[in-house]
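Peer 1: Quick check, what structure comes out for this input:
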Amino acid sequence: MTGQILYYLAAILLIISFFKDRAKTIKALKTALKSFEGIMPQFLGIIVTIGVILAIVNPQTISNLIGENSGFVGVLLSSIIGSITMMPTFVAFSTGQTLLQNGAGYPQVGALIATLTMVGIITYPLESKYIGKKGALLRNLLAFFFSFIVALLIEKVVNLL
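Peer 2: Sure, this is the predicted structure:
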């Protein structure tokens with residue numbers, strides 16, 4: 001339902017933009033299409049990977065590893081996996097939804113998404129060139145530990161509901 005509202009809102013705003021300034025709207029659509037073309041290979045690769053993993057690993061295994069009852073070990077495992085893996089934010093959220101539908105726990109998925117989007121072991125060498133090795137290491141460690149705070153807060157909120 002929320003998705004439909006957002007699609008309708010986007011379509012209405014696009015139409016308004018088109019009538020307000022046709023040239024800028026067309027230029028924005030062309031830029032968006034180029035961006036979409038750049039993101040699509042990554043997105044498809046990750047979707048295929050998740051599909052294969054979900055075909056091989058049954059929901060019970062996911063539930064055992066990072067389910068609600070996996071506790072701190074599940075949060076730690078999710079945080080480690082998220083730190084090593086690299087994916088765009090919008091893919092991380094759809095991955096989280098898929099995992100939740102297959103038995104993962106909210107705190108574990110929260111930690112996974114937090115580390116997917118904030119910790120970058122793969123990007124560390126590039127990041128260290130710009131902010132230094134110590135700065136990059138400190139930023140990644142703080143983001144890693146922040147994922148545990150995210151998981152704790154999500155657990156508290158879920159327990160309130």
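
Peer 1: which residues in this structure form helices?
Peer 2: Assigned by DSSP state H, the helices in the chain fall at 2-20, 22-56, 59-66, 71-84, 89-101, 106-118, 124-131, 133-160.

Peer 1: Same question for the fourth one: list its buried residues.
Peer 2: Taking 16 or more other CB atoms under 10 Å as the neighbour-count basis, helix 71-84 is seen to contain the buried residues Gly74, Val75, Leu76, Leu77, Ser78, Ser79, Ile80, Ile81, Gly82, Ser83. In this view, the C-beta of every residue, glycine as well, is placed from N, C-alpha and C.

Peer 1: Direction-wise, compare it with helix 106-118 and give the angle.
Peer 2: Orientation of helix 71-84 against helix 106-118 (axes from the mean of the first three to the mean of the last three CA atoms, to 10 degrees) gives an angle of 20 degrees.

Peer 1: Enumerate the positions of the worst-scoring helix or strand of the chain on mean pLDDT that are buried.
Peer 2: Ranked by mean pLDDT, DSSP states H and E, the helix or strand of the chain with the weakest confidence is helix 59-66, at a mean of 81. Of the residues in helix 59-66, those with enough neighbours to count as buried (16+ other CB under 10 Å) are Ile62, Ser63, Leu65, Ile66.

Peer 1: Pro108: what's it in contact with?
Peer 2: No, residue 108 isn't Pro; it's Gln. If you count contacts by CB atoms under 8 Å, 6 or more residues apart in numbering, Gln108 has them with Ile66, Gly67, Glu68, Ser70, Gly74, Val75, Leu77, Ser78, Ala151.

Peer 1: okay, who's weakest in these by pLDDT?
Peer 2: Looking at pLDDT alone, those dip lowest at Glu68, where the score is 83.

Peer 1: Is it correct that that one is in contact with Leu99?
Peer 2: No. When contacts are counted by CB atoms under 8 Å, Glu68 is not listed as touching Leu99 (11.9 Å).

Peer 1: and the two? which has more neighbours close in?
Peer 2: Neighbours around Glu68 and Leu99, counted as other CB atoms under 10 Å, are more numerous at Leu99. The numbers are 24 against 15.

Peer 1: Return the residues in contact with the more buried one.
Peer 2: Ile62, Ile66, Val109, Leu112.
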